[in-house]
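Trainee: Curious how this folds, go ahead:
(chains A and B, ligands or ions: 1)
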Amino acid sequence: MNNAKPLRFRNGFVVPLVELPHLDYAEFSESLLAEVAADARIASYFGRPLADGLEIYAILAHDWNGELSLLRTQVNGSFPSLTPLCPQLHLFERELAEQYGVRPDKHPWLKPVRFHKTWIDAADIWGRPHGKHPVPGDMEFYRVDGEEVHEVAVGPVHAGVIEPGHFRFQCHGEEVMHLEISLGYQHRGIEQMLIGGPHPSTIYLLETSAGDTTVGHATAYSQLLESLAGCESPLRAQAIRALALELERLANHVGDIGALAGDVGFLPTASFCGRLRGDYLNLTAELCGSRFGRGLVRPGGVGFDLDGTLPQTFVERLKILKRETRGAIDLCFDAPSVLARFEGTGLVRTDDAEALGMVGVAARGCGLVRDARLHHPFGIWEGGFDTPIIELDGDVFARGNVRRREINASLELINQLLRGLPQGPISQPLGPLAADSLALSLCEGWRGEVVHAAITDAVGRIDRYKIVDPSFHNWSGLSMAMRGQQISDFPLCNKSFNLSYCGFDL
Amino acid sequence: MLTIIRERLRQGHRTGKYPKVEPIMPERFRGLPQLAQNLTPQSCADAVASCPFTALSSNGGKLQLDLGRCLFCADCPAAADHAALAFSNDYRLATSRREDMFLDDNVYHVAGMLNKSMRKLFGRSLKLRQVSAGGCNACEADLNVLSTLVFDLARFGIQFVASPRHADGIMVTGPVTENMKSALLDTYAAIPEPKLVIASGACAIAGGPYCNSPEAHQGIGDLLPVDLYIPGCPPHPYTALDGLLRMLGRIE
Ligand code: SF4
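Mentor: Predicted coordinates:
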């Protein structure tokens, strides 16, 4: 079927909606499944309510061609679920059901995702009372029964200073047979608040969609708006964004390795890394006043220049930090007692990772080459990144080692950026946004790819904004990693993914 | 073992001398704002209208800034376009009362200490249960930093604990999403009396960037009796530490 071949684009594309074919659902499914069977994976999948039904948009990533493709269809009421044939859609379809009251028929795991009321005036498909806010965690959990089988329920409030979520373990003795994760406690309704924008508050909502990925989300958003306005931010701004993105990666990766070491009781690395993480955050604060990069990335460019003595300060501080970071981290990766706990724990098979559509550090730890900096470069990244870090084993060690090696790579990238910082302005004004169009932007945040998509209305306001944080794909990976593990290894496995609750819950 | 010791020597002693020695804040850090004093009624009105989070208001023609709502935005239009305010480097922002967060004549009342009996109970040992109720995880991240060796919260006798039953107080971050409300209240109820409540970050104080969200409450003010407010989005670790120590009467 020729007409069902999806349109192909590159990262940062804008396409007028009229140019997008309307496929009927059968054609849409066939085409989507064929693409996924060939080489594609789902980058984003979302609905837009129309007067006479629900439009569904699928955005597929063809990593090795550096391309993205787009399919759209329309459904009404219920439609055959694609999840049985394409498991990476499972959460996306549940999301549609929860947001718009549609029913993906024969979805094998049709449960709420974030526990909110339907976004449009439609009946709740789980029959929860109309007009009342659903109760979080109120769903049927997968349950194993039998002698010596027991259930462990944890959360929403956990032991540490961390975000809320609910975990249900089905255990046989110490061994976990299944872990089900129910989130939504951090749901703030961000996507809904973006409708009708961009508002003056919009950038703040995006910067806080996952606070530890402020630069990642703000960059994805800014690129998207620039595409819609038909302009490009100045090269110097792109370089500063890229640098801040790598600093964000450094801070988080270093912190994560410290946390992993802490979880196996290897305190030297845990405490050194805790301090070092802060030092990377402080560098970001030198640049923009905020340790989390708030206010740095703005549509059209960046809010702060890396000028005066700053580049020199960066070079000097990073030189010291590099030595100290290496020393702190190598210590734990050289310790047999640590390796004994990391290796073989929390295994995710490559096939499962692929089926679940995992991205980022967790995917690269399973041997999947998925890095938007390589496959879907944008602006200054074009040709600037050629060595994604891959580990094959899929265990805690692999995820830790991806981070360790990425730390070295990021330090090198930052050095390159500092050496070749382009001259010129740091921002340019944005014109009006293209009307009746769809735009897409990808950015490799420290956890993995951040995907933003927007559809504008007839006057160029945002009609639908869809955010996919890497955590959305990866939480199911954590469930897989726990199968057959000791329940006492959960904290370690969890840290090795370190996923975002708020980025998932939005 | 030898490598560990060698590395330990190289990493050096990193715990700050705070509060004996003042911390050096980054030059671009945005702390306590200074309000322009003689604005025309027009520029005052313009400034008020420009804030997306309604942190500014006009108090009888005089500009008033609610630090509980303020996100210390880098591109604050009131600062950039209307010259109505400018950020200083002062990180000491925590207050004991909500009304102390309204700044108009540039006199800011930072937190005072608890009364004598509470200080006797908690002054040298304070265990806190942290609850994240919405928000973006940046507040949590910078509270976690307090337990690293740079700040070493434990040297002040302050610690985050796992169980509310072991806690002397609750430290809340996030605007309180509808989905977290009951878990938050349950956790609070599980803490034995007498107990302290700390609102950390713009979200917990007044809803922060989500102040207009139908899925979130506007902070914990209507739900719990707050003893300490720590402004910022997120608060700088020194802002939080300063607030805690002031509350306990460890610095004045
Ligand atoms: S910094 Fe932000 S929140 Fe504060 S007054 Fe300015 S615009 Fe409003």
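Trainee: Quick one: residues contacting the spatially closest residue to residue A:17 that is not a sequence neighbour.
Mentor: Distances taken as CB to CB, 6 or more residues apart in numbering or on different chains place residue A:436 nearest to residue A:17, at 4.9 Å, with adjacent residues excluded. Using the backbone N, CA and C atoms, a C-beta is placed for each residue, glycine as well. Contacts were defined as CB atoms under 8 Å, 6 or more residues apart in numbering or on different chains; by that measure residue A:436 touches A:16-18, A:456-458.
Trainee: I'd like to know how far residue A:436 sits from residue A:460.
Mentor: 8 Å (CB to CB, to the nearest Å).
Trainee: now do residue A:342
Mentor: From residue A:342 to residue A:460 the distance is 51 Å (CB to CB).
Trainee: between the two, which one's more packed in?
Mentor: When residue A:342 and residue A:460 are compared for neighbours, residue A:342 comes out ahead with 25 against 17, by other CB atoms under 10 Å in any protein chain shown.
Trainee: where does the closest residue to the more buried one other than its chain neighbours land in three-state SS?
Mentor: Distances taken as CB to CB, 6+ apart put residue A:397 closest to residue A:342, at 3.8 Å, once the chain neighbours are dropped. Here residue A:397 is helix, with the state taken from DSSP: H, G, I helix; E, B strand; the rest coil.
Trainee: surely residue A:397 meets residue A:346?
Mentor: No. In this structure residue A:397 lies outside contact range of residue A:346 using CB atoms under 8 Å: 9.2 Å.
Trainee: Comparing these two, which residue is more hemmed in?
Mentor: A direct count of neighbours by other CB under 10 Å for residue A:397 and residue A:346 places residue A:346 higher, at 28 against 24.
Trainee: List phi and psi for the residue sitting furthest away from the middle of chain A.
Mentor: Largest separation from the mean C-alpha position in chain A: residue A:147, at 39.4 Å (CA atoms, centre = their mean). Here is the backbone geometry of residue A:147 (degrees, to the nearest 10): phi -70, psi 140.
Trainee: Which strand or helix spans the residue of chain B found nearest chain A?
Mentor: Chain B approaches chain A most closely through residue B:74 (2.3 Å), counting by CB to the nearest CB. Using DSSP states H and E, no element contains residue B:74; it sits outside every helix and strand.
Trainee: what does residue A:327 give?
Mentor: Using DSSP H and E, the element containing residue A:327 is helix A:310-333.
Trainee: Could you confirm whether that helix reaches chain B?
Mentor: Yes. Using CB under 8 Å from any CB of the partner chain, we find that helix A:310-333 touches chain B at A:324, A:327-328, A:331.
Trainee: surely the residue of chain B closest to chain A meets residue A:293?
Mentor: No. Checked against CB under 8 Å, the pair residue B:74 and residue A:293 is beyond contact range at 9.9 Å.
Trainee: which of those two has more neighbours?
Mentor: More crowded of residue B:74 and residue A:293, by other CB under 10 Å: residue A:293, with 33 against 20.
Trainee: Hmm, residue A:217 and that one touching each other?
Mentor: No. With contact defined as CB under 8 Å, residue A:293 does not count as touching residue A:217 (10.0 Å).
Trainee: Give me the common contacts of these two.
Mentor: Both residue A:293 and residue A:217 are in contact with residue A:207, where contact means CB under 8 Å, 6+ apart.
Trainee: which residues does the residue of chain B closest to chain A contact?
Mentor: So residue B:74 contacts A:288-290, A:294-296, A:303-304, B:30 (CB under 8 Å, 6+ apart).
Trainee: Of these, which is the nearest to residue A:120?
Mentor: Set against residue A:120, the nearest of the contacts of residue B:74 by CB to CB is residue A:294 (32.9 Å).
Trainee: Could you tell me what pLDDT the model assigned to the closest one?
Mentor: Looking at residue A:294, its pLDDT stands at 95.
Trainee: Kindly provide the distance from it to the ligand.
Mentor: Distance, residue A:294 to the ligand, by CB to the nearest ligand atom, to the nearest Å: 10 Å.
Trainee: Return the distance of residue B:246 relative to the ligand.
Mentor: 23 Å.
Trainee: Residue B:147 and residue B:156 touch, don't they?
Mentor: No. The criterion here is CB under 8 Å, and residue B:147 misses it with residue B:156 at 11.4 Å.
Trainee: the more surrounded of the two?
Mentor: A side-by-side neighbour count of residue B:147 and residue B:156, using other CB under 10 Å, places residue B:156 first with 21 against 18.
Trainee: which stretches of the stretch 151-300 of chain A form strands?
Mentor: Secondary structure of the stretch 151-300 of chain A by DSSP state E, counting those that start in this stretch: the strands cover A:166-172, A:175-182, A:297-298.
Trainee: Same question for the stretch 1-150 of chain A.
Mentor: Going by DSSP E, counting those that start in this stretch, the stretch 1-150 of chain A shows strands at A:7-9, A:14-16, A:41-50, A:53-62, A:67-75, A:78-80, A:103-105, A:149-154.
Trainee: where's the third one relative to the chain centroid, distance-wise?
Mentor: Same thing as strand A:41-50. Here strand A:41-50 is found 15 Å from its chain centre; the criterion is CA atoms, centre = their mean, to the nearest Å.
Trainee: Could you do the second one as well?
Mentor: Between the mean C-alpha location of strand A:14-16 and the chain-wide mean there is a distance of 23 Å, by CA atoms, centre = their mean.
Trainee: What about residue B:118, how many residues nearby?
Mentor: 17.
Trainee: residues in contact with the closest residue to the ligand within the stretch 351-500 of chain A?
Mentor: Going by CB to the nearest ligand atom, the ligand is nearest to residue A:427 of the stretch 351-500 of chain A, at 18.1 Å. Residues near residue A:427 by CB under 8 Å, 6+ apart: A:233-234, A:237, A:298, A:300-303.
Trainee: and the gap between it and chain B?
Mentor: Separation of residue A:427 from chain B (CB to the nearest CB, to the nearest Å) stands at 10 Å.
Trainee: the longest helix in chain A is where?
Mentor: Selection of the longest helix in chain A by residue count, based on DSSP state H, yields helix A:235-263.
Trainee: Just want the angle from that one to helix A:310-333.
Mentor: For helix A:235-263 against helix A:310-333, the angle between stretch directions is 30 degrees (axes from the mean of the first three to the mean of the last three CA atoms, to 10 degrees).
Trainee: tell me which strands and helices helix A:235-263 is in contact with?
Mentor: Packing contacts for helix A:235-263, counted by 3 or more CB pairs under 8 Å, 6 or more residues apart in numbering or on different chains; DSSP states H and E, involve helix A:214-229, helix A:267-288, strand A:301-302, helix A:310-333, helix A:396-419, helix A:490-497.
Trainee: ok so, going back, would you point out the most distant pair within the contacts of residue A:436?
Mentor: Pairwise over these, using CB to CB, the maximum falls at A:18 and A:457, 13.6 Å.
Trainee: between these two, who's got more neighbours?
Mentor: Ranked by neighbour count (other CB under 10 Å), residue A:18 and residue A:457 place residue A:457 first, with 16 against 8.
Trainee: List the single closest residue to that one in space, sequence neighbours excluded.
Mentor: In space, and not counting its chain neighbours, residue A:457 is closest to residue A:463: 4.2 Å by CB to CB, 6+ apart.
Trainee: Would you mark the buried spots in the lowest-mean-pLDDT helix or strand in chain A?
Mentor: Sorted by mean pLDDT, DSSP states H and E, the helices and strands of chain A end with strand A:7-9, the least confident at a mean of 82. When burial is assessed from 16 or more other CB atoms under 10 Å in any protein chain shown, strand A:7-9 yields the following buried residues: residue A:9.
Trainee: hmm, who's touching it?
Mentor: For strand A:7-9, contacts defined as CB under 8 Å, 6+ apart pick out A:15, A:19-21, A:62, A:65, A:67-70, A:440.
Trainee: export these to CSV and tack on neighbour count, distance to chain B and pLDDT?
Mentor: Formatted as CSV, the contacts of strand A:7-9 follow (neighbours: other CB atoms under 10 Å in any protein chain shown; distance: CB to the nearest CB, whole Å; pLDDT from 0 to 100):
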residue, neighbour count, distance to chain B, pLDDT
A:15, 15, 30, 92
A:19, 10, 34, 90
A:20, 17, 31, 90
A:21, 16, 35, 90
A:62, 19, 32, 92
A:65, 13, 34, 88
A:67, 20, 32, 90
A:68, 27, 27, 91
A:69, 20, 32, 91
A:70, 21, 30, 92
A:440, 27, 23, 94
